[in-house]
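Colleague: just coords:
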Ligand SMILES: Cc1cc2nc3c(=O)[nH]c(=O)nc-3n(C[C@H](O)[C@H](O)[C@H](O)COP(=O)(O)O)c2cc1C
């Protein structure tokens, strides 16, 4: 008996936020991916150059990335007139240059381990997985485009977001890092904070690529300028909403704030971030083990969280899988172009997601 495919799923868009509402659509091998951003106040200046710059950071870097050409030119369908939000929902489309899905056809019978193929095939109409379908990292281009608008709303209130690669494979950046380091990482292909780390991380990625394999990495994100009390509680908590949205990025397998799981090895006397008045009479914390959030709200320290990205599931090395047609065990060797490491490209996606969540909380008055 062959496995049967479900064909009755109702199409839907996937939406984040309540006042600043971001909805994602498209597939990697459809004509385009895109998004609808509702709730941007009328008259807000929209910087399309900044959007293009953010999209350029998400593109694969020569050498360490896939050689797939991603042009990522955003097309504003509506919502922006004369460089300002005009009060309509902002609709952005980004064309997919490569819509040849032939390399993906084998996965309909022999699903890729680590990718979404198996559960998707048994739940979605079968051609939806071509090119990764709705599960593809390609959709993150639309997240980055909308995130650039959210980022400007935050910057107008003095809130800055910066991220970088904390580790790739076993190469780890062990220094304390701040916003300037995150900004510097924008110049380096791996999004490491220094050139030395960038070389070591690149080497690690290239070694994996040589073996037809892939590696994972950790992206760290820093947010400054949030006033004490920004955020909410329970399901509106700043950490809860950030974690939910960051976990939705394809390939994310973990999110931790501040010292994260490491805090369990500390005593309370060590982990509590003591409060002091600084010379300007402002309340500050002496340490930042909580990652700038207590009770779901900002405590005045920079918000710091890390997201773990697994090794790219599509690898050239031979893997074990099953054949859904013959119901026999099978082997799979994946052809085609895939990033040997997702983390460097995920840095701008993490920043964008953080911007969308924070700008929505800001618009909700949390
Ligand atoms: C920016 C970005 C690029 C990605 N590129 C690839 C890729 O080239 N090949 C691949 O197999 N997965 C890639 N992924 C990951 C898959 O989309 C993801 O692993 C898959 O949808 C399964 O979801 P999960 O890993 O969250 O369980 C990428 C993810 C992101 C965020």
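Modeller: Arrived safely. All of these numbers come straight from a predicted model, not from anything done at the bench.
Colleague: which SS class is the closest residue to the ligand within the stretch 151-300 of the chain?
Modeller: Proximity of the stretch 151-300 of the chain to the ligand (CB to the nearest ligand atom) peaks at residue 250, 3.3 Å away. Any C-beta I mention is one placed from the backbone N, CA and C, and that applies to glycine too. Put simply, residue 250 is coil when judged by DSSP: H, G, I helix; E, B strand; the rest coil.
Colleague: now do residue 165
Modeller: Under three-state DSSP, residue 165 falls in the strand class.
Colleague: show me what the biggest helix by length in the chain is packed up against.
Modeller: When secondary structure is assigned using DSSP state H, the longest helix within the chain turns out to be helix 343-363. Contact analysis of helix 343-363 by 3 or more CB pairs under 8 Å, 6 or more residues apart in numbering; DSSP states H and E lists strand 14-16, strand 21-26, helix 48-58, helix 140-155, strand 160-168, strand 217-224, helix 238-247, strand 303-309 as its packing neighbours.
Colleague: in the third one, what's buried?
Modeller: Within helix 48-58, the residues that qualify as buried are 51, 54-55, 57-58, counting by 16 or more other CB atoms under 10 Å.
Colleague: can I get those residues in CSV including pLDDT?
Modeller: Listed next are the buried residues of helix 48-58 as CSV, based on pLDDT from 0 to 100:
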residue, pLDDT
51, 96
54, 95
55, 96
57, 93
58, 93
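Colleague: for residue 172, state which of those residues is nearest.
Modeller: Taking CB to CB as the measure, residue 172 sits nearest to residue 57 out of these, at 22.0 Å.
Colleague: in contact with residue 335: list those residues for me.
Modeller: Residues near residue 335 by CB atoms under 8 Å, 6 or more residues apart in numbering: 103, 316.
Colleague: ok, now how distant is it from residue 243?
Modeller: Taking CB to CB, to the nearest Å as the measure, residue 335 and residue 243 are separated by 36 Å.
Colleague: leaving aside the residues adjacent along the chain, what's closest to residue 235?
Modeller: The shortest distance from residue 235 to any residue that is not its chain neighbour, by CB to CB, 6 or more residues apart in numbering, is 7.9 Å, and that residue is residue 241.
Colleague: the one you found contacts residue 357, correct?
Modeller: Yes. Counting by CB atoms under 8 Å, a contact exists between residue 241 and residue 357, whose distance comes to 5.2 Å.
Colleague: hmm, residue 135 and the residue of the stretch 151-300 of the chain closest to the ligand touching each other?
Modeller: Yes. With contacts counted by CB under 8 Å, residue 250 reaches residue 135, the gap being 6.2 Å.
Colleague: who touches both of the two?
Modeller: With CB under 8 Å, 6+ apart, residue 250 and residue 135 have no common neighbours.
Colleague: for the closest residue to the ligand within the chain, give me its contacts.
Modeller: Nearest residue of the chain to the ligand: residue 137, at 2.4 Å (CB to the nearest ligand atom). Taking CB under 8 Å, 6+ apart as the contact definition, residue 137 lies against 28, 250-251, 339, 342, 345.
Colleague: got a quick ChimeraX command for the buried subset of these?
Modeller: Selecting only the buried members of the contacts of residue 137 in ChimeraX, with burial defined as 16+ other CB under 10 Å, works like this:
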select :28,250,251,339,342,345
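Colleague: turn the contacts of residue 137 into JSON lines, columns for pLDDT.
Modeller: Putting these into JSON lines (pLDDT from 0 to 100) gives the following:
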{"residue": "28", "pLDDT": "82"}
{"residue": "250", "pLDDT": "97"}
{"residue": "251", "pLDDT": "98"}
{"residue": "339", "pLDDT": "89"}
{"residue": "342", "pLDDT": "97"}
{"residue": "345", "pLDDT": "97"}
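Colleague: and the stretch 101-250 of the chain, which residues reach the ligand?
Modeller: Contacts of the stretch 101-250 of the chain with the ligand, taken as CB under 6 Å from any ligand atom, map to 115-116, 132, 135-137, 140, 249-250.
Colleague: hang on, the earlier thing: give me the distance between the residue of the chain closest to the ligand and residue 167.
Modeller: The spacing between residue 137 and residue 167, counted by CB to CB, is 19 Å.
Colleague: give me the neighbour count for residue 254.
Modeller: Neighbouring residues of residue 254 were enumerated by other CB atoms under 10 Å; the total is 15.
Colleague: what do you get for the one 10 residues further on?
Modeller: The local packing count at residue 264 equals 8, with neighbours defined by other CB under 10 Å.
Colleague: ranges for the helices of the stretch 151-300 of the chain?
Modeller: Under the criterion DSSP state H, counting those that start in this stretch, helices of the stretch 151-300 of the chain are mapped to 179-184, 195-210, 238-247, 268-271.
Colleague: winner for burial among the ones you listed?
Modeller: Burial of those is given as mean neighbour count (mean count of other CB atoms under 10 Å); helix 238-247 ranks first at a mean of 21.
Colleague: what angle do that one and helix 343-363 make?
Modeller: With axes from the mean of the first three to the mean of the last three CA atoms, to 10 degrees as the basis, helix 238-247 and helix 343-363 are set at 140 degrees to each other.
Colleague: tell me the confidence at residue 26?
Modeller: At residue 26, the model reports a pLDDT of 89.
Colleague: hang on, isn't it packed against residue 34?
Modeller: Yes. Using CB under 8 Å, residue 26 and residue 34 qualify as a contacting pair, with a distance of 5.3 Å.
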